[in-house]
Structures are given as structure tokens and as C-alpha cells.
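Novice: here is the input, now give the coordinates:
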Amino acid sequence: MKRLFLALSIPEAMSKSFEDYLHIYRNDQHFQDAKWTGPENLHITVFFLGEVTESHLLEMRSILRGVAGRMTPFTLHFERVEFFAHKMPKMIWGRFQRNLGFLELNQECKKFMKPYLDMTKEEEMKEPIPHVTLARLRKPVDPKHFSFQPLNLPSVEATELHLYESVLTPQGPSYTLIESYRLGVQ
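Specialist: Residues are numbered from 1 along each chain as shown. Below is the predicted model of the structure:
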């Protein structure tokens, strides 16, 4: 079994901007036990596939190539840094504005990957939020007592979909690129 997900990459300059911005929060008492995502692991999650049988991988890769080839490249506009799971958050996200191209890419991936996955109805119906996971919080933070400073970042041009394997280690997840697919190129 392989633990897989689909993602869009972000420019190196954006990773650096997130690192510079988060520097002030890394020593904040609210985030003492946070696991910060390393700059090499920052990405925009399109769809988490979960545990997948290796024997299906070749066929899935072929399907993903076709799905990506039918999609039109799109632009994501950065919105803000925020907590995710608003009552007692367990993550810090860099959130992008809702985008129909992103939504369509997620839905097409979900539709064509469904036969290989064990998805609940709730997971199937959930609308994706384009985001970068910046940190995972071991101790939830009350958002009523904390807010993030504004951050201005350039837009992200989504031109490639990436298939990654995620291996969980005591130091945090390690991601390995399996294959990339150009959007709009068959």
C-alpha cells in the first residue's frame, strides 16, 4: 500500500515568503508544540487519495494523465493565513480564494479515482478549499484570542498536477514525487 495525494506546486519565492512570515509565529506561546511544514513540503492539496494498492498505481497514473490533459490551467489568488477547523483549530493554513478551475480539477480527480479508493459519502461530497498546510497544532488554539497579520502574496499559476507518496515518520511526513501531469496537454 502507498499513501498518496495529488497537489499543485507553489513557486519557491512563495515558500520563502511563507517561511519569512511564519518566523515571528514559531516562537509564539500559542504554537509551542506546533509541527511546522518545511518549505520543501509546501504544496496546494488537490485531493488526498489515502492508502492505495500498489498494483493499481500504473492504471491510476494513466487515468490521471488523461484527466490533467483535459483540464485548463488556472490561476489561484492568495487570500489569507488562517486557522482550519474554526472552533478549536488543529492546523494553520495559507488559504487561496475559491476557484472554479481548482474545484473542477478536484472533482474530476475524485470521479476517476473513486474506483480505487475507500471514500465515505461525506468525503465524496466535501468541497475542497485550496490551501497550503503551514503547521499542525498538537494543542488547539482558541481563534478568539489570536489572529494572523495580513500577508500579500502573488498568484499561483496552476499548470501541473503532481502525484506524491507520503510516508509518515517521527519527524513528520516525507513526500516523494511519483509523477507530474501538465494541465491541458494530452
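
Novice: hey, where'd the strands end up in this structure?
Specialist: Using DSSP state E, the strands of the chain run over residues 2-8, 35-36, 44-52, 74-76, 78-84, 91-96, 131-136, 156-158, 160-169, 172-182.

Novice: distance from the chain centre to the third one, please.
Specialist: I take that to be strand 44-52. Averaging C-alpha positions (C-alpha atoms, centre = their mean, to the nearest Å) puts strand 44-52 8 Å from its chain's average.

Novice: try the last one
Specialist: Per C-alpha atoms, centre = their mean, the displacement of strand 172-182 from the mean C-alpha position of its chain is 12 Å.

Novice: and the shortest one, by the same measure?
Specialist: Here the centre of strand 35-36 is set off from its chain's centre by 15 Å, with C-alpha atoms, centre = their mean.

Novice: re earlier: is it possible to get TSV of the strands of the chain that adds mean pLDDT and mean neighbour count?
Specialist: Every C-beta, even on glycine, is put in place using the N, C-alpha and C of the backbone. Shown next, in TSV, are the strands of the chain (pLDDT from 0 to 100; neighbours: other C-beta atoms under 10 Å):
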stretch	mean pLDDT	mean neighbour count
strand 2-8	96	20
strand 35-36	92	16
strand 44-52	94	18
strand 74-76	98	18
strand 78-84	95	18
strand 91-96	95	21
strand 131-136	95	20
strand 156-158	97	19
strand 160-169	94	16
strand 172-182	93	14
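
Novice: looking at those strands, which is nearest to Gln107?
Specialist: Nearest of the strands of the chain to Gln107, taken as C-beta to C-beta: strand 44-52 at 9.1 Å.

Novice: other SSEs contacting the closest one?
Specialist: In terms of contacts (3 or more C-beta pairs under 8 Å, 6 or more residues apart in numbering; DSSP states H and E), strand 44-52 is packed against strand 2-8, helix 100-113, strand 131-136.

Novice: may I have the strands that pair with it, each with its orientation?
Specialist: strand 2-8 (antiparallel) (DSSP bridges).

Novice: wait, Asn41 sits on Pro173?
Specialist: Yes - between Asn41 and Pro173 there is a contact under C-beta atoms under 8 Å: 6.9 Å.

Novice: which of the strands of the chain sits closest to Glu104?
Specialist: That would be strand 74-76 among these, by C-beta to C-beta, at 8.5 Å.
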